[in-house]
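> Have a look; sequence and predicted model below, questions after that.
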Amino acid sequence: MAVLSHISKIILITLISFLFLPCNAEVQYVEYYCYDNGNYTKNSTYQENLVQALSDLYSEASVDSFHSTTSGSGDNQVSALYYCRGDLTLPECQSCVKLAALAVFKSCFGQKEAIIWYEFCTLRYANRRIVGEEDVGRGVYWLSQRVVDDGGEFNQTVDAGFTALIHEAVSNSTDYFATGEADVTASDKVYGLVQCSPDITATECENCLKYALNQTNICCIGRIFGILFLPSCQIRYGMSLFYQTAAAPLLSPLVSPSNSSLSPSPDSLPSPDSSPSPSSDSSTGSNSSTSPPLDSPSSPRSSDSSSTAAASPSTLISSIGRFHKNHGGSRQTRPPYGAVVATVMTISAVSLFIGV
């Protein structure tokens with residue numbers, strides 16, 4: 001009993017220290033997933049090790065955009081890692097890791113394995129080895145409801161540009177990160193980003209990104225923006241600048257979309273700072289939120305100034321969905337930003353499929 005009391009105090013002190021650490025950047029929540037891979041109980045040794053691992057990740061995020069750690073031993077050992085998007089500053093990275101650690105601990109409490117995706121970082125923990133292991137088993141995509149006239153041709157051109165970005169990212173063995181842009185019209189561009197978790201091999205990174213690109217051909221053909229996250233990699237394109245520019249390479253010119261003067265961004269996703277309400281599958285995190293969402297999924301440094309007629313967030317509809325390797329997936333439509341702010345909206349799954 002005394003041991004459990006001691007563990008409880010350690011956990012409480014550690015979590016309270018998290019809450020009073022500053023956040024230096026707006027961080028956009030995307031999704032979480034709680035794996036059915038064993039459970040732990042409140043104030044257990046596994047919980048103590050998990051809190052220690054998450055604390056280690058937060059501490060290291062002040063000096064590195066990627067870190068992995070283990071805590072404990074035997075059946076109670078926790079393996080954890082995070083990686084931040086390659087264009088972030090370290091304060092931005094640490095802010096994202098802080099929120100991700102708190103959110104996944106809260107949202108997947110009692111589960112021995114979980115992952116959470118934010119726009120700027122990915123964080124995972126498990127009671128098994130995950131470091132150095134490519135994982136494309138589960139993913140989430142986020143896409144626009146707006147389409148171009150010729151989605152097939154547009155998508156083929158985007159594919160060609162991303163093929164070049166994948167090659168560049170794989171060649172960059174330091175962080176597996178690459179960005180690029182292409183002219184759509186004289187006044188509009190499309191931007192692309194690819195990245196892998198730095199702990200996997202170059203071959204695994206290439207395989208992961210190619211799989212992600214193939215998935216965009218299923219979910220995102222003709223959409224004017226699309227984001228796809230896997231545990232080990234991510235791919236994103238859009239018509240608004242969403243990354244820090246630093247001599248980004250030019251991709252192949254893209255065909256002009258039907259309404260290329262628009263530079264929309266997805267409407268906001270719920271923040272996990274409010275308690276998530278389980279959807280039809282309690283292991284996933286696409287739920288209602290009582291907190292007003294952030295304005296857009298773009299980096300604070302992004303701008304729509306290149307757009308001649310930027311769309312209002314309240315008029316935009318985006319979708320988020322999940323998929324499992326060797327299975328399909330279907331979209332989940334989220335309400336417009338204005339509707340979320342005006343009332344508490346319950347976001348229910350639309351033909352949700354997460355795989356088994």
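Right, received. Where do you want to start? The structure presented is a predicted model; accordingly, all values stated were derived computationally and were not measured.
> Could you list the low-pLDDT ranges of the stretch 201-350 of the chain?
246-350 (pLDDT under 70).
> do that again at 80, thanks
Scanning the stretch 201-350 of the chain for pLDDT under 80 picks out 217, 220-222, 239, 245-350.
> now Cys208: how far from Thr69?
22 Å (C-beta to C-beta, to the nearest Å). Every residue, glycine included, has its C-beta placed from N, CA and C.
> More neighbours: which of those two?
Per other C-beta atoms under 10 Å, whichever of Cys208 and Thr69 has more neighbours is Cys208, with 27 against 19.
> Just the buried positions in the helix or strand that the more buried one is a member of, please.
Following DSSP states H and E, one finds Cys208 within helix 202-219. The neighbour-count check on helix 202-219 (16 or more other C-beta atoms under 10 Å) flags 204-213, 215-216, 219 as buried.
> can you put those residues in CSV and add distance to Tyr29?
Below are the buried residues of helix 202-219 laid out as CSV (distance: C-beta to C-beta, whole Å):
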residue, distance to Tyr29
Glu204, 27
Cys205, 25
Glu206, 29
Asn207, 28
Cys208, 22
Leu209, 23
Lys210, 27
Tyr211, 24
Ala212, 20
Leu213, 24
Gln215, 21
Thr216, 21
Cys219, 20
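> Can I get the helix holding Cys208 in CSV? Just the C-alpha atoms.
Extracted in CSV, the C-alpha atoms of helix 202-219 (Å, rounded to 0.1, in the frame of the first residue of the first chain):
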residue,chain,number,x,y,z
ALA,A,202,16.2,4.7,-45.7
THR,A,203,14.6,1.7,-47.4
GLU,A,204,11.8,1.5,-44.9
CYS,A,205,11.3,5.3,-45.2
GLU,A,206,10.9,5.0,-49.0
ASN,A,207,8.5,2.1,-48.6
CYS,A,208,6.4,4.0,-46.0
LEU,A,209,6.2,7.2,-48.1
LYS,A,210,5.3,5.2,-51.3
TYR,A,211,2.5,3.4,-49.4
ALA,A,212,1.3,6.8,-48.1
LEU,A,213,1.3,8.2,-51.6
ASN,A,214,-0.7,5.2,-52.9
GLN,A,215,-3.2,5.9,-50.1
THR,A,216,-3.7,9.4,-51.3
ASN,A,217,-4.7,7.9,-54.7
ILE,A,218,-7.5,6.2,-52.8
CYS,A,219,-8.7,9.0,-50.5
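> Which elements pack onto it?
The helices and strands touching helix 202-219, judged by 3 or more C-beta pairs under 8 Å, 6 or more residues apart in numbering; DSSP states H and E, are strand 138-144, helix 151-171, strand 189-196, strand 226-229, strand 233-238, strand 318-324, strand 329-333.
> so that helix versus strand 189-196, what angle?
Going by axes from the mean of the first three to the mean of the last three C-alpha atoms, to 10 degrees, helix 202-219 is angled at 130 degrees with respect to strand 189-196.
> My read is that Glu60 contacts His67, right?
Yes: Glu60 is within contact range of His67, at 3.8 Å (criterion: C-beta atoms under 8 Å).
> Settle it for me: which of the two has more neighbours?
More crowded of Glu60 and His67, by other C-beta under 10 Å: His67, with 21 against 18.
> who's in contact with that one?
Asp56, Leu57, Glu60, Ala61, Leu81, Tyr82 (C-beta atoms under 8 Å, 6 or more residues apart in numbering).
> Can you show me the strands along the protein?
Residue ranges of the strands in the chain, as given by DSSP state E, are 29-34, 66-71, 78-84, 114-118, 121-126, 138-144, 177-183, 189-196, 226-229, 233-238, 318-324, 329-333.
> Minimum distance to Leu50: which of those strands has it?
strand 78-84 (4.9 Å; C-beta to C-beta).
> Output the closest one as CSV, nothing but the C-alphas.
Only the C-alpha atoms of strand 78-84 are listed here, as CSV (Å, rounded to 0.1, in the frame of the first residue of the first chain):
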residue,chain,number,x,y,z
VAL,A,78,7.6,1.3,-21.8
SER,A,79,9.1,2.2,-25.1
ALA,A,80,8.3,5.7,-26.4
LEU,A,81,9.3,8.1,-29.2
TYR,A,82,8.3,11.3,-30.9
TYR,A,83,9.3,13.1,-34.0
CYS,A,84,8.5,16.7,-34.9
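> Direction included, what does it pair up with?
strand 66-71 (antiparallel), strand 121-126 (antiparallel) (DSSP bridges).
> Can you tell me which of the ones you listed is packed in deepest?
Highest mean neighbour count among these (mean count of other C-beta atoms under 10 Å): strand 121-126, with a mean of 26.
> Compute the inter-axis angle for that one and strand 29-34.
Going by the same axes, to 10 degrees, strand 121-126 makes 10 degrees with strand 29-34.
> Show me what strand 121-126 is in contact with.
Contacts to strand 121-126, defined as C-beta under 8 Å, 6+ apart, come from residues 27, 35, 37, 50, 53-54, 57, 78-85, 88, 93, 96-97, 100-101, 104, 112-116, 130, 197, 229, 231, 234.
> if we go to 6 Å?
Outside strand 121-126, the residues that touch it by C-beta atoms under 6 Å, 6 or more residues apart in numbering are 78-84, 96-97, 100, 113, 115-116, 130.
> In CSV: those residues, plus neighbour count and pLDDT.
Formatted as CSV, the contacts of strand 121-126 follow (neighbours: other C-beta atoms under 10 Å; pLDDT from 0 to 100):
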residue, neighbour count, pLDDT
Val78, 26, 98
Ser79, 21, 97
Ala80, 25, 98
Leu81, 23, 96
Tyr82, 29, 98
Tyr83, 28, 96
Cys84, 27, 97
Cys96, 28, 96
Val97, 28, 97
Ala100, 29, 97
Glu113, 19, 97
Ile115, 27, 96
Ile116, 27, 96
Ile130, 20, 93
